[in-house]
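Engineer: Pasted the sequence and its predicted model underneath.
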Amino acid sequence: MADDDRGSAASAGEETTALLAARRQKLERLRSEGIDPFPHDFDGVTPIADVKAGYDELEDGGETEDRFRVAGRLAARRGQGKAAFLDLVDRSGRIQLHARVDVLGQESLDRLVSLDLGDLLGVDGTVFRSRRGELSLRIDGWTLLAKSLRPPPEKHHGVQDVETRYRHREVDLLSSEETRNLFIARARIVSAVRAFLDGNGYVEVETPVLQPLYGGAAARPFTTHHNALGRDLYLRIATELYLKRLIVGGLERVYEIGKDFRNEGISHKHNPEFTMVEFYEAYADYQDMAQRTERLVAAAAAAAGYDGAVDLSPPWRRETLQGAILDRSGIDILAHPTRDELAAAMAAKGMRVPPDDTWAQLVDELVTKHVEPTLIEPTFLFDYPVELSPFAKRHREDDRLVERFEAYVNGMEIANAFTELNDPDDQRRRFEQQRADAEAGDEEAQPYDEAYLQALEQGMPPTGGVGLGIDRLVMLLTGRRSIREIVLFPAMRD
RNA sequence: GGGCCGUUAGCUCAAUUGGCAGAGCAGGGGACUCUUAAUCCCAAGGUUGAAGGUUCGAUUCCUUCACGGCCCA
């Protein structure tokens, strides 16, 4: 918190509207009357939902002597002269307050009614049900807990401006129960993922975000600088290589939930920082991990109260990548194993062929354009070309392929998994190929990671691993079409 | 990167063919002891995203820019 813009006026450069000035005036009036507009605490608060839970039997107009203390934000006010109704909102719900002059006295009622919408308020009172049937609190005491110096959004419509909702998420949250519930659902999904993995004997770990070498995904990194070490470091693009070093170390089942950072475009499904869970399991292969994945997603769906149109319950559909492309586009990628052959096959089908794309990029283009949009029901695509997958183990039956799957739902990739490559010599050859790709101009090629190779030389058991995008999972389970809706503070331009 | 759309009072939205920029909510003053999108009366609130241009006159038409949304690459 900056110390230098304190004071009674709005910060320098800020427009001063009559609305802001009126709130500041009230603040000063409270202070001059000896009332602390920002007290330190308010003990003994009951969540509003808990207060309301116990009174289903209370008849309309019924009174009780049950006292509660609640606290929250003043959301609405309906004055009546010698009485007033106010609505108070906390994280659990909303409750109506009834303030009467014969209970509070004139001065206390006047002060209460002159509070601003958005002020934070603590009250004590007794439960009753209004004649119209709303469970309410008749208040006999109240305390201002924090003065709000900015007006809240329109009380019926909330914040509609998308940009404001993203840039000032706190305003979105305080005015929208739907937004609050959305991010609570997100938290429950993350908890469910964690509980699922913990329940299957996994150990949660934390590996470096700042890495001397990045790896584990085809992406460009953010670069930063460590002053004391005098060297550049990268923000991780994946947790993969460190997690597999922990498998070498004998932890056998590990996972990490955390942010990855990829220095690429922003879209409705890409934020430059995003949350990923990666989990690795010794003595498992990619088929085992496919089962883990579909069960994990089903557990998360249950935790989020998912009720979308797409059925997520296991088992999911299973196809091969080659078959899926052949089926949708009529092109057999394995029958056209060079760049020029595949480009010719695509051109023969009337497809536009980007002239600089490699064979692997053309395959990716076929998947993205022709296959991905058709994968609405949850589907695993198995068995990828080795060129696309530098960390996946070669297929046990076809050495042009690796044992890899990607999981798709709603036309969107949500997970990527391998039987992990644990042959250090094969891994070294893959790094050499990546180095050649980088020299040929591939900006997403993997840097040569000698420390990782040494770990593999130590001996890594057969292992299956999965990376699953938490943001995309949340989008799926909450029915949102944009990652910006389900990230609290999405990346925005200045 | 390209196309389309949007940006008006604190918030949610109007504004006819280019002709005085209006409502609701919130805020201010007043009335009201069961209201709940409370109601009623009064007054106030604007550099129409920014900069240029056309015009007697621009929220409106044109150009550029900024930010956002949707679609495409």
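Structural biologist: Perfect, I can see it now.
Engineer: what separates stretch A:142-153 from the chain centre, distance-wise?
Structural biologist: Here stretch A:142-153 is found 29 Å from its chain centre; the criterion is CA atoms, centre = their mean, to the nearest Å.
Engineer: Is it in proximity to RNA strand B?
Structural biologist: Yes. Stretch A:142-153 is in contact with RNA strand B by CB under 7 Å from any atom of the strand, via A:Pro151, A:Pro152, A:Pro153. Glycine gets a C-beta too; all of them are placed from N, C-alpha and C.
Engineer: which of these are buried?
Structural biologist: A:Pro152, A:Pro153 (16 or more other CB atoms under 10 Å).
Engineer: Stretch A:158-173 near RNA strand B at all?
Structural biologist: Yes. Residues of stretch A:158-173 contacting RNA strand B under CB under 7 Å from any atom of the strand: A:Gly158, A:Val159, A:Gln160, A:Asp161, A:Val162, A:Glu163, A:Thr164, A:Tyr166.
Engineer: which of those count as buried?
Structural biologist: The neighbour count (16+ other CB under 10 Å) marks A:Gly158, A:Val159, A:Tyr166 as buried among those.
Engineer: Tell me, how many residues neighbour A:Phe128?
Structural biologist: Applying other CB atoms under 10 Å, we find 20 residues neighbouring A:Phe128.
Engineer: ok so it is a strand residue?
Structural biologist: Yes. A:Phe128: assigned to a strand according to DSSP: H, G, I helix; E, B strand; the rest coil.
Engineer: Relative to A:His98, how far out is it?
Structural biologist: According to CB to CB, to the nearest Å, A:Phe128 and A:His98 sit 7 Å apart.
Engineer: Overlap of the contact sets of these two?
Structural biologist: Common contacts of A:Phe128 and A:His98, defined by CB atoms under 8 Å, 6 or more residues apart in numbering, comprise A:Ser136, A:Leu137, A:Arg138.
Engineer: And those residues, which is closest to A:Met460?
Structural biologist: A:Leu137 (61.6 Å; CB to CB).
Engineer: Mind telling me what element that closest one is part of?
Structural biologist: Element membership of A:Leu137 [criterion: DSSP states H and E] is strand A:135-146.
Engineer: Which neighbours in the sheet does that strand have, and how are they oriented?
Structural biologist: Each strand paired with strand A:135-146, and its direction, by DSSP bridges: strand A:93-100 (parallel), strand A:120-129 (antiparallel).
Engineer: Which parts of the stretch 301-450 of chain A are helices?
Structural biologist: A:321-329, A:339-348, A:359-366, A:424-439, A:450-458 (DSSP state H, counting those that start in this stretch).
Engineer: where's the second one relative to the chain centroid, distance-wise?
Structural biologist: Taking the mean of its C-alpha atoms, helix A:339-348 sits 40 Å from the chain's own mean (CA atoms, centre = their mean).
Engineer: and it with helix A:359-366, angle?
Structural biologist: Counting by axes from the mean of the first three to the mean of the last three CA atoms, to 10 degrees, helix A:339-348 lies at 20 degrees to helix A:359-366.
Engineer: Kindly report the same for the longest one.
Structural biologist: Computed with the same axes, to 10 degrees, the direction of helix A:424-439 lies at 80 degrees from that of helix A:359-366.
Engineer: one step back: mind giving me CSV with the strands paired with strand A:135-146 and columns for distance to RNA strand B and mean pLDDT?
Structural biologist: Shown next, in CSV, are the strands paired with strand A:135-146 (distance: least, CB to the nearest atom of the strand, whole Å; pLDDT from 0 to 100):
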stretch, distance to RNA strand B, mean pLDDT
strand A:93-100, 4, 97
strand A:120-129, 6, 97
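Engineer: For A:Ser482, find the nearest of those.
Structural biologist: Nearest of the strands paired with strand A:135-146 (CB to CB): strand A:93-100, 27.8 Å.
Engineer: What are the buried residues along the helix or strand just after the closest one?
Structural biologist: Counting by DSSP H and E, the next helix or strand C-terminal to strand A:93-100 is helix A:101-104. Within helix A:101-104, the residues scored as buried using 16+ other CB under 10 Å are A:Val101, A:Val103, A:Leu104.
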